[in-house]
Structures are given as C-alpha cells and as structure tokens.
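Novice: give the three-dimensional model of this entry:
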Amino acid sequence: MSDSVLGSEYFFCNNETPLVSVQMPVFNGVEHLAESIESVLSQTFKNFEFIIINDGSTDASLEILQRYAAKDSRIRLFSRENRGLSATQYELVALARGEFIAQLDQDDIALPQRLELQVDFLNKNSAVVCVGGSYQLIDGAGRYLTTLRMPTESSEIQAANLQGHCALHHPSTMMRRQAVEAVGSYDIGYNSATDFDLWLRLGEVGQLANLDSVILKYRLHEKSVSESAGLAQRNEMRQACEKAWSRRGVVGVFNAGSAWRPGSDDASKMLFAWQ
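Specialist: Predicted coordinates for the structure are as follows:
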C-alpha cells in the first residue's frame, strides 16, 4: 500500500486515532535500534501511535523495524530513499495524527513513565506548547555518565535559547501538534539545528517547559549530530537566533561558542547541558 506523502511502502497501521504520535527517524541505527523501540512499546501510557521512517538505511535497520511493525499495531512504518534528518522530521509531523507529538532518536531510551508524565503535564498546563525533561547521559555501551537537569521555567528556557543555548533536548520533547503546524513545522533549510529553530518559533506562540523528572537516557557517541557536526551546528544555531531576534524586534547576543561536554570533575557534572 503506497503513501501519498512519502511515496513509500506502508507496512502496518492501527486505524484508531491516538492521543500521542511518537516519532522516530532511522538511518543505519541497527546497533541500538531494538532497545530504543522496546522503550517506547513498554511505556506505561498506551494511547499512542509510533511513526517510524526508515531514511534509506543501508544496514539491517529495516529488517528490525519490519519485525516490530508486524508484532505491534501501534507502529506505522515507512521506508524510502535517504533524504536527511530535517526532511524526515518534517515528514513525520505531516504523518502525525495525535494531539501531541513526542520525539525519540534511534539510539536513545525513553524511561517507562515518560509519555505518561508529559501528557499529564500538558493536560494541566494549556499555555505550554512544548515540554522536555531532565535526562541521563550514557555512553555508546550504555554506561551511565551523568544526569543533566534542565531549566523548568519558560522565561529561563526562552532566555537561554535566545542566546544560543539549547534549553530543550529534542529526543525528550513532547509538543502540541497544532502549535507545531501553526509555526510551519521543522524548517528543512537547516541540517543540524532544525529542532533549535523550532523551539525559537514555538516560544513565540506559547510557553516552553521541562519536567524536573528524568525521562530519558541519551546516548553520547561519535555518531551523534552534536559530536560529528558541532561547528556547523553552532553556525546554524546562530542563524536561527538572528532570525528570532529580527522576528521579535530585539537586540540579541549569541554567546554559545562551543557545545558543553561533561568532564570527570564533580563541578563539570553539575553543569546544565545548555550552558
């Protein structure tokens, strides 16, 4: 069965309308893919669809995805040629049917109550259009590195974002689909800062928040976008900030010169990821 949005093969779908659309772009993620998928399927909150786009993987990712799609009707699986991360994120939003959109990367792990906690928060805070959360850093082998506590108040998050410090962690976020569509979704003109640009635009139509609770294990390794394209990502973040300053009519200062990484000392481990 073909899909008009992606021109790709559609493997399995549950026709019931879900409250949450969990989204995962996949490209050559075979090493950790099964663990990430399992972390979604084992959530305490059950009313979700799981939309996955295989973005032209050349490894065994598609075979793994097909096995899971055949076993769980909440999975909507699409496969096509490689178009890149930004285009894939844009397409995922176009496919979403849920009121809320939740992100997860192919090598990260959502803790069991993540969706439940975020849905409850958004239901109780109607002015919030996007909520993330605190998270643990793990290495490529899954070993614990440190816990990162994110700012929780919208004013603090927005101030950090406008200076180039990303105060929302993309794979931990849940957004209101209506708000994402209202601001034009992901901008495919960006390669590595499309999420950061979206936070800036969402912050112009509503409040942003982070749960203090740890809801994710984020895998830090050499294949991560922030590791492999750090300088290009910072340049794109500066461009996104400059556009946001212009839209908001403010004079801004970009002072995020380099990405933060945890050191071995205790003081380093206490730093926010957005500093």
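Novice: okay, now the unreliable bits of this structure?
Specialist: Within the chain, the stretches with pLDDT under 70 are 1-15, 222-229, 257-275.
Novice: so who does Phe196 touch?
Specialist: Asn161, Cys166, Glu236, Met237, Ala240 (Cβ atoms under 8 Å, 6 or more residues apart in numbering). In this view, the C-beta of every residue, glycine as well, is placed from N, C-alpha and C.
Novice: from these, which single one is nearest Asp107?
Specialist: Of all the contacts of Phe196, Asp107 sits closest to Cys166, with 18.7 Å by Cβ to Cβ.
Novice: now, the most widely separated pair of the contacts of Phe196?
Specialist: Across the contacts of Phe196, the longest distance by Cβ to Cβ is 13.7 Å; it joins Asn161 and Glu236.
Novice: tell me where this structure has helices.
Specialist: Using DSSP state H, the helices of the chain run over 33-41, 61-71, 85-95, 114-124, 154-162, 177-182, 194-202, 225-228, 230-248, 266-269.
Novice: dump those helices into JSON lines; add distance to Leu211 as well.
Specialist: Formatted as JSON lines, the helices of the chain follow (distance: least, Cβ to Cβ, whole Å):
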{"stretch": "helix 33-41", "distance to Leu211": "17"}
{"stretch": "helix 61-71", "distance to Leu211": "27"}
{"stretch": "helix 85-95", "distance to Leu211": "22"}
{"stretch": "helix 114-124", "distance to Leu211": "6"}
{"stretch": "helix 154-162", "distance to Leu211": "12"}
{"stretch": "helix 177-182", "distance to Leu211": "18"}
{"stretch": "helix 194-202", "distance to Leu211": "16"}
{"stretch": "helix 225-228", "distance to Leu211": "21"}
{"stretch": "helix 230-248", "distance to Leu211": "23"}
{"stretch": "helix 266-269", "distance to Leu211": "20"}
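Novice: max-length strand in the chain?
Specialist: Taking DSSP state E as the criterion, the chain has its longest strand at strand 207-219.
Novice: just the buried residues of it, please?
Specialist: Residues Gln207, Leu208, Ala209, Asn210, Leu211, Val214, Ile215, Leu216, Lys217, Tyr218, Arg219 are the ones in strand 207-219 that count as buried (16 or more other Cβ atoms under 10 Å).
Novice: partners of the first one in the sheet?
Specialist: So the one you mean is Gln207. Beta-bridge partners recorded for Gln207 (DSSP bridges): Val128.
Novice: pull the contacting residues for it.
Specialist: Counted by Cβ under 8 Å, 6+ apart, Gln207 has contacts Asn125, Ala127, Val128, Val129, Ser154.
Novice: and it, how far from Gly133?
Specialist: 15 Å (Cβ to Cβ, to the nearest Å).
Novice: Asn161 and Glu236: who's more crowded?
Specialist: Asn161 (25 against 19; other Cβ atoms under 10 Å).
Novice: pretty sure the more buried one is touching Trp199, no?
Specialist: Yes - in this structure Asn161 lies within contact range of Trp199 using Cβ atoms under 8 Å: 5.5 Å.
Novice: check contacts around His169.
Specialist: Listed by Cβ under 8 Å, 6+ apart, the contact partners of His169 are Gly132, Gly133, Tyr135, Leu148, Met150, Leu216, Tyr218, Ala273.
Novice: Val180 contacts Asp195, doesn't it?
Specialist: No - using Cβ under 8 Å as the test, Val180 is too far from Asp195 to be in contact (11.2 Å).
Novice: who touches stretch 61-72?
Specialist: 11-12, 26-30, 33-34, 37, 41, 50, 52, 54, 75-77, 79, 106.
Novice: filter the residues you listed down to the buried ones, ChimeraX style.
Specialist: Selecting only the buried entries of the contacts of stretch 61-72 in ChimeraX, with 16+ other Cβ under 10 Å as the criterion:
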select :11,12,26,27,28,29,30,33,37,41,50,52,54,75,76,77,79,106
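Novice: what is the burial count for Ser155?
Specialist: Number of residues near Ser155 (other Cβ under 10 Å) recorded here: 10.
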